[in-house]
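Visitor: Structure, please.
(2 chains)
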Amino acid sequence: GNSVTQMEGPVTLSEEAFLTINCTYTATGYPSLFWYVQYPGEGLQLLLKATKADDKGSNKGFEATYRKETTSFHLEKGSVQVSDSAVYFCALSDLSKAAGNKLTFGGGTRVLVKP
Amino acid sequence: NAGVTQTPKFRVLKTGQSMTLLCAQDMNHEYMYWYRQDPGMGLRLIHYSVGEGTTAKGEVPDGYNVSRLKKQNFLLGLESAAPSQTSVYFCASSYSHNEQFFGPGTRLTVL
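Guide: Now for the predicted structure:
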């Protein structure tokens, strides 16, 4: 079946540092890939997505590239802010309508940015 | 446009009690989902629905039932709550291959 593995946290950084969160996946076919962010006390919000190989998703200074050859979708940001403190989830969608386009999530990575 | 809403926000139950969590969306989405979030385990799919009147089991369906009588609503029921069902529950909805939109969550404690 499908699976997503992401680095365990917590990741603690200073403001303006470079952030990388690794994500690798196992899936049949060509899934879409997502990064969701969860701020304290809130639900998940889509951060960015990529739907095919070599696509780069970007939003709010975050980027991730769909690498089919390495089955990876690593999240990066060049200069983090305190407001980026959150839990980040990597996910994939099996794109099967009959199966409800279900998402498979990684375990989440907590990021703490200190001033 | 409220998006996805969930009620209640918090609930404490005793073992054996029953309750229903309500999810509502105003985006006319076909697909709706119920997840539970536990520390270190990410989100796990409980049940989902691909349209009004249809439901299907997800990864962890035992101890839960669902109903989708109206397109905009997706109910999650616990018939006899157990401490293992202490969790944060999230509802989500989506249209076709697009992103899922999540509600704010319900924090449930079973004593």
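
Visitor: What is the burial count for residue 109?
Guide: You didn't pick a chain, so chain A it is. 21 (other CB atoms under 10 Å in any protein chain shown). No exception for glycine: its C-beta is placed from N, CA and C like everyone else's.

Visitor: not quite, I wanted chain B
Guide: B:T109, neighbours per other CB under 10 Å, totals 13.

Visitor: list the helices and strands the helix or strand where it lies packs on?
Guide: Here B:T109 sits within strand B:106-110, counting by DSSP states H and E. Judged by 3 or more CB pairs under 8 Å, 6 or more residues apart in numbering or on different chains; DSSP states H and E, strand B:106-110 is in contact with strand B:10-13, strand B:19-25, strand B:87-94.

Visitor: what's next to that strand, contact-wise?
Guide: B:6-15, B:19, B:21, B:81-90 (CB atoms under 8 Å, 6 or more residues apart in numbering or on different chains).

Visitor: mind running it again at 6 Å?
Guide: B:6, B:10-13, B:21, B:81, B:83, B:85-86, B:88-89 (CB atoms under 6 Å, 6 or more residues apart in numbering or on different chains).

Visitor: Note down every partner strand of that strand and its orientation.
Guide: Strand B:106-110 has the following strand partners under DSSP bridges: strand B:10-13 (parallel), strand B:87-94 (antiparallel).

Visitor: Could you check how many residues crowd around the residue of chain A found nearest chain B?
Guide: Nearest to chain B, among the residues of chain A, is A:G43, at 3.8 Å (CB to the nearest CB). By the criterion of other CB under 10 Å, A:G43 has 21 neighbours.
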